[in-house]
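In: Quick one: sequence and predicted model below, then my questions.
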Amino acid sequence: MRDTTLCFPVDAAGRILLGRKKRGFGVSKWNGFGGKLEKGETFRQCAVRELWEETGLQAKGEDLELVGLLDFRFLAAPELNHLGYVYFVRSYEGIITETEEMEPKWFSAESLPYEQMWKGDKTWIPLLLTGKRIKGTVTFAEDNDTVYSIDIHNVDSLSD
Ligand SMILES: Nc1nc2c([nH]c(=O)n2[C@H]2C[C@H](O)[C@@H](COP(=O)(O)OP(=O)(O)OP(=O)(O)O)O2)c(=O)[nH]1
């Protein structure tokens, strides 16, 4: 699969905007906003576009903070393997709007709905919330859902 972006808006109170996916891959899970890179796009351009399409928020590429680089691997479906570029964004404009794809909702950092998120997320999102930058690999078992293995490490810096 093409590489993807995943963007988490953070507000002044430190809350995180998530969306409940209403259709497609990862349906009914709460997640950040993102999707596959389109031809000719940079990762930042993709993240800005997907954020706009899925939330109605407008952000500038330079305001995105690259916080993670994750290799998502699916043992039973290697065609789904992709790199995910993970961003936080604290500066944006616009009115958050529910779309056909996503139902957006703010969560405090202490109450993210990990039981209704991708199963590896409770391992790595808390690291990002304490200001860490991470690289790693999340490998999913045959059901494309259970985590088979996860290997995350802190890094000093990341670039896209
Ligand atoms: N938070 C999180 N997201 C994950 C994990 N594994 C995984 O594939 N994803 C996300 C990353 C991407 O946002 C998405 C990849 O699927 P996709 O690009 O087909 O999603 P999409 O339907 O939103 O894409 P698009 O058609 O809009 O381009 O799934 C995971 O373990 N945690």
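Out: Looks like it came in fine.
In: in the chain, what residue is nearest the ligand?
Out: residue 35 (2.7 Å; CB to the nearest ligand atom). For every residue, glycine as well, the C-beta is placed using N, CA and C.
In: Give me the neighbour count for that residue.
Out: 19 (other CB atoms under 10 Å).
In: just residue 78 next, same as before
Out: 9.
In: now do residue 10
Out: 19.
In: Tell me the predicted confidence for it.
Out: Residue 10 is assigned a predicted lDDT (pLDDT) of 98.
In: Can you check which helix is longest in this structure?
Out: If each helix of the chain is counted by residues according to DSSP state H, the longest one is helix 43-55.
In: which other residues reach the host helix or strand of the residue of the chain closest to the ligand?
Out: Using DSSP states H and E, the element containing residue 35 is strand 33-36. Applying CB atoms under 8 Å, 6 or more residues apart in numbering, the contact partners of strand 33-36 are 1-9, 17, 19, 46-47, 50-51, 53-55, 82, 84, 102.
In: Let's see that with 6 Å instead.
Out: Contact with strand 33-36 is made by 2, 4, 5, 6, 7, 19, 50, 51, 54, 55, as judged by CB atoms under 6 Å, 6 or more residues apart in numbering.
In: Give me the buried positions along it.
Out: Using 16 or more other CB atoms under 10 Å as the burial criterion, the residues of strand 33-36 that qualify are 33, 34, 35.
In: same thing with stretch 58-78?
Out: Buried residues in stretch 58-78, counted by 16+ other CB under 10 Å: 59, 64, 65, 66, 67, 68, 69, 70, 72, 73, 74.
In: just stretch 17-24 next, same as before
Out: 17, 18, 19, 20, 21.
In: Export these to CSV and append columns for secondary structure.
Out: Shown next, in CSV, are the buried residues of stretch 17-24 (DSSP: H, G, I helix; E, B strand; the rest coil):
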residue, secondary structure
17, strand
18, strand
19, strand
20, strand
21, strand
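In: Right, I'll leave it there.
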